[in-house]
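Enquirer: Generate coordinates for the sequence data below:
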Amino acid sequence: MDFDQVAVNGVNSNNMSAYADQNHAPSLTDVRLEISYPLRQKGKHHELRDIAEQNENWIIEQRRYFHAHPELSFEEKNTTHEIGKCLEEMGLTPHYYPDYNGLWAIIKGGKSTPGSKTVALRADIDALPVEEHTGLTFCSQNPGVMHACGHDCHIAMLLGGIRMLMAKKEDLKGNVKIIFQAAEESCHGAQYYVEHGFLDDVDAIYGTHIWGELDAPYMNFETGPRMASCDNFRIEVEGVSSHGSTPHQGVDAILTAAYIITEIQAIVSRMNNPLNPLVVTVGKIEGGQRFNILADKVVLEGTTRTHSPEMRKKQSLCSAESLKIQLIPWEQRLL
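Expert: Here you go, the predicted model:
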């Protein structure tokens with residue numbers, strides 16, 4: 001698509017080349033592209049803008065509906081059903097999976113030929129286990145579940161994009177395949193669709209993500225990887241329980257887990273090249289039975305994120321999704 005006007009703030013084309021030469025991708029503050037369509041200019045871009053404006057209220061309605069009805073990963077049955085209804089209303093045939101949520105459809109371009117390219121557009125549809133306290137009129141109606149990562153917006157944005165494409169369907173010289181992906185927050189949601197052939201006839205696939213620090217109408221583009229890989233890990237620490245008044249008779253799993261959490265941060269600060277983006281987060285801790293008893297078991301769950309495939313392979317926590325650590329009482333160590 002040719003843009004009528006592109007305003008670039010912060011980095012010009014020469015600076016972009018310098019960034020590429022240094023293998024350094026610009027940050028959100030480095031490049032901001034504002035795309036606007038002059039009101040007085042006629043043509044296809046003006047026409048597309050008009051179609052978008054005509055559907056604005058409908059897109060907002062969709063976003064608010066899905067925000068009010070969030071569903072967790074692998075539980076997106078209603079979300080899948082409602083998206084399917086929208087696609088049918090637009091004249092498309094939704095394709096469902098018998099044992100998995102999410103769905104896909106295809107727009108056959110009016111000018112496409114057997115050799116035409118197929119481009120895929122993707123949006124994720126699951127929500128997070130978060131209690132919403134926004135007080136919005138379209139606040140989540142499902143206790144403990146919230147669209148806190150913007151997937152409600154992604155659904156509405158793609159549905160709006162489909163409406164625009166359907167309005168210009170006869171002018172398309174290729175095909176557009178649509179995928180509404182379930183279970184993105186599980187970090188494994190896309191694998192099912194790949195294994196079941198969704199990408200087999202796709203030449204390129206695109207997805208977008210809203211970003212709270214980037215105000216409309218700005219869009220962000222970067223060279224190289226844009227979003228990090230995601231791996232989960234689980235660590236079980238098994239200790240020996242004892243009364244809090246006699247800690248020497250047990251092995252405190254909570255204390256050990258605390259040391260593990262602290263030392264994990266050294267993966268980023270001491271084991272990783274500072275030029276490689278890497279994040280290691282422990283987001284969940286479970287352990288202990290009572291305030292005056294040493295815990296005999298603690299479970300840690302976390303995630304690792306990186307842009308580097310090499311770093312992903314190097315991190316032992318990434319390759320082992322579950323790790324068990326058994327602690328031995330002091331007296332047994334001395335034998």
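
Enquirer: Give me the residues contacting whichever strand or helix holds residue 152.
Expert: Under the criterion of DSSP states H and E, residue 152 resides in helix 151-167. Contacts of helix 151-167 with the rest of the structure, by C-beta atoms under 8 Å, 6 or more residues apart in numbering, involve 48, 51-52, 55, 58-60, 62-64, 66-67, 70, 79, 83, 86-87, 90-92, 105, 107, 121-127, 147, 172, 176, 178, 180, 184, 207-210. Where you see a C-beta, it was placed from the backbone N, CA and C, and this is true even at glycine.

Enquirer: Give me the mean pLDDT for the strand or helix carrying residue 179.
Expert: Assignment of secondary structure by DSSP H and E places residue 179 within strand 175-181. Within the predicted structure, the mean pLDDT of strand 175-181 is 97.

Enquirer: What angle do helix 151-167 and that strand make with each other?
Expert: When axes from the mean of the first three to the mean of the last three C-alpha atoms, to 10 degrees is applied, the directions of strand 175-181 and helix 151-167 differ by 160 degrees.

Enquirer: can you list the domains in this protein?
Expert: The chain breaks down into these domains under automatic domain parsing: 40-211, 229-333.

Enquirer: Would you single out the least confident of the ones you listed?
Expert: Here the domains of the chain differ in mean pLDDT, and the lowest is domain 229-333 at a mean of 85.

Enquirer: distance between that one and the chain's centre?
Expert: 25 Å (C-alpha atoms, centre = their mean, to the nearest Å).

Enquirer: Same check on stretch 141-154?
Expert: The offset between the C-alpha centroid of stretch 141-154 and the centroid of the whole chain comes to 13 Å, using C-alpha atoms, centre = their mean.

Enquirer: buried sites along that stretch?
Expert: Buried residues in stretch 141-154, defined by neighbour count with 16 or more other C-beta atoms under 10 Å: 142, 145, 146, 147, 148, 149, 150, 151, 152, 153, 154.

Enquirer: Same check on stretch 120-134?
Expert: Buried residues in stretch 120-134, defined by neighbour count with 16+ other C-beta under 10 Å: 120, 121, 122, 123, 124, 125, 126, 127, 128, 132.

Enquirer: Endpoints of that stretch, how far apart?
Expert: One end of stretch 120-134 to the other measures 34 Å (C-alpha to C-alpha, to the nearest Å).

Enquirer: cool, and stretch 291-298?
Expert: With C-alpha to C-alpha as the measure, the first residue of stretch 291-298 is 14 Å from its last.

Enquirer: Just the CA trace of stretch 258-271, in PDB.
Expert: Below are the C-alpha coordinates for stretch 258-271, written out as PDB (Å, rounded to 0.1, in the frame of the first residue of the first chain):
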ATOM      1  CA  ALA A 258      14.000 -17.300  47.700                       C
ATOM      2  CA  TYR A 259      17.700 -17.900  46.900                       C
ATOM      3  CA  ILE A 260      16.800 -19.500  43.600                       C
ATOM      4  CA  ILE A 261      14.700 -16.400  42.600                       C
ATOM      5  CA  THR A 262      17.500 -14.100  43.500                       C
ATOM      6  CA  GLU A 263      20.100 -16.100  41.600                       C
ATOM      7  CA  ILE A 264      18.000 -16.500  38.500                       C
ATOM      8  CA  GLN A 265      18.400 -12.800  37.900                       C
ATOM      9  CA  ALA A 266      22.100 -13.500  37.400                       C
ATOM     10  CA  ILE A 267      21.200 -15.200  34.200                       C
ATOM     11  CA  VAL A 268      20.400 -11.800  32.800                       C
ATOM     12  CA  SER A 269      23.000  -9.700  34.600                       C
ATOM     13  CA  ARG A 270      26.000 -12.000  34.400                       C
ATOM     14  CA  MET A 271      25.400 -14.800  31.900                       C
END
